[in-house]
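from the sequence below, what's the structure:
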Amino acid sequence: MTRAANAISSSVRREWTRLRADPWDFAMLTSIPLALYLLTWWIFSAGVARDLPLVVIDRDHSVLSRSLIRMLDQSPGLKVALAANSETEAFHLIRERRAFGIVAIPAGMQKTMLGGGAASVQWAYNAQFASHTGAMTRDVRTVVATLSAGIETQGRAKRGAAAIEARQLYEPVRTRTAALFNESGSYLPSLALPVAFSLMHILVTLAAVTGIGRELRGATVPDWLAAADGQLGAALLGKLIIPFGAFAAQALLLVLLFGVVLGWPILGSATAMLLGTAFFISAYLALGACIVAFTSSLRSALSICAFVTAPAFAFSGQGFPVLAMPLAARIWAEALPLTHYLPLLNNTWMAGAPLRFGIVPVALLLLFTLGFGAAAYLRLASRVRQPASWGKL
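Predicted coordinates for the structure are as follows:
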């Protein structure tokens, strides 16, 4: 046990010396990830989208239409940026992305409403921007419904109904909406936090690929093994312990940033988060080692690393449900550790899930670590005995 510990310690010291002599690799473990996390926080720091621009086509030019426009502009999520005189002009503004939706008020709306009739306000939105227009659609509907309810309540009150009775007659069945786990609808916990950990999984894999890949490319495998007393397992652990510690510390900083500074504490099991995050980092370190072991080329390994990690967020179910994906896409998604980590992150951090709900994803992340790690070890055991495979780009 002492011999193995000494071998690992010696390997760690050699890796630390290498990192200190390579400012770029050292920065990839320290300043660059921190800058990316802070950039992610800054992008979503507003929390909720405000003042999203829309265009109004007012064909009525009445007191009622002006009241509707004023209510739209006063809604926190909306901003009446421009008024258009025609649909052609409005569509031109949409294509220029100076607005994301069009509210068209029909001619004669006030006259129709005063006569007891019904009028339709058209809402057209640019569906290319689902996150923009989803929130805008909700706010436009709320404003129009509020205006309509006010008109109907006043009309019934004029016909002799009491105010409470008028509201009940207008809306005998009501929908009571309750938001769960993110009542304010902030993007910080729902998007910024998963994006930050998604960036981390790319950097973790890259750290393993470059750390081992440089030994193969530089044909320094004998020196690497000699520092670990000839033990490949100790050499691998010594190579990966430093990036594991660096990214574990960064995960802790993210917990402090979002949980303490920004006021989004972990509501569920801290044990599940601790174990899940540790195995999440180790799984991607093992994956990076596996990629470089099977390619023996740093350049090829970097390309595969980008292919696997860069689009992983799209397959994670955070933006589009995994259950709605085609079978092939679902298989690929389930083969990625990130797909299993982000639900654990969401359920534990925001939804307050206890430990028992985190056992399955934690176990899967551990299996990813063991599986990729074993494959990397077995392949590298062959590579280190093949000097002809060293020195490749």
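
need the longest helix for this structure.
helix 130-158 (DSSP state H).

packing partners for that helix?
Contact here means 3 or more C-beta pairs under 8 Å, 6 or more residues apart in numbering; DSSP states H and E; on that basis helix 130-158 packs against strand 52-58, helix 63-74, strand 78-83, strand 101-105, strand 122-125, helix 163-170. From N, CA and C alone the C-beta is placed, and that goes for glycine too.

what angle do the second one and helix 130-158 make?
Helix 63-74 and helix 130-158 are oriented at 140 degrees to each other (axes from the mean of the first three to the mean of the last three C-alpha atoms, to 10 degrees).

W264 should be in a strand, yeah?
No - using DSSP: H, G, I helix; E, B strand; the rest coil, the assignment for W264 is coil, not a strand.

mean pLDDT and mean neighbour count added to the helices and strands packed on helix 130-158, as JSON lines?
Conversion of the helices and strands packed on helix 130-158 to JSON lines gives the following (pLDDT from 0 to 100; neighbours: other C-beta atoms under 10 Å):
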{"stretch": "strand 52-58", "mean pLDDT": "89", "mean neighbour count": "21"}
{"stretch": "helix 63-74", "mean pLDDT": "88", "mean neighbour count": "16"}
{"stretch": "strand 78-83", "mean pLDDT": "83", "mean neighbour count": "17"}
{"stretch": "strand 101-105", "mean pLDDT": "89", "mean neighbour count": "22"}
{"stretch": "strand 122-125", "mean pLDDT": "88", "mean neighbour count": "16"}
{"stretch": "helix 163-170", "mean pLDDT": "52", "mean neighbour count": "14"}
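
S297: which of those is closest?
Of all the helices and strands packed on helix 130-158, it is strand 52-58 that lies closest to S297, at 47.3 Å by C-beta to C-beta.

go through the helix or strand Q110 falls within and flag the buried ones.
Using DSSP states H and E, Q110 falls within helix 109-114. Of all the residues in helix 109-114, those buried under the rule 16 or more other C-beta atoms under 10 Å are 109-110, 112-113.

the strands in the stretch 201-350 of the chain, which residues?
Read by DSSP state E, counting those that start in this stretch, the stretch 201-350 of the chain holds no strands at all.

what stretches of it score poorly on pLDDT?
Within the stretch 201-350 of the chain, not a single segment meets pLDDT under 70.

burial count for L380?
24 (other C-beta atoms under 10 Å).

for the remainder of this discussion, apply numbering that starts at 22.
Sounds good: first residue 22 from here, last item L401.

A307 is in contact with that one, correct?
No - L401 is beyond contact range of A307, at 11.7 Å (criterion: C-beta atoms under 8 Å).
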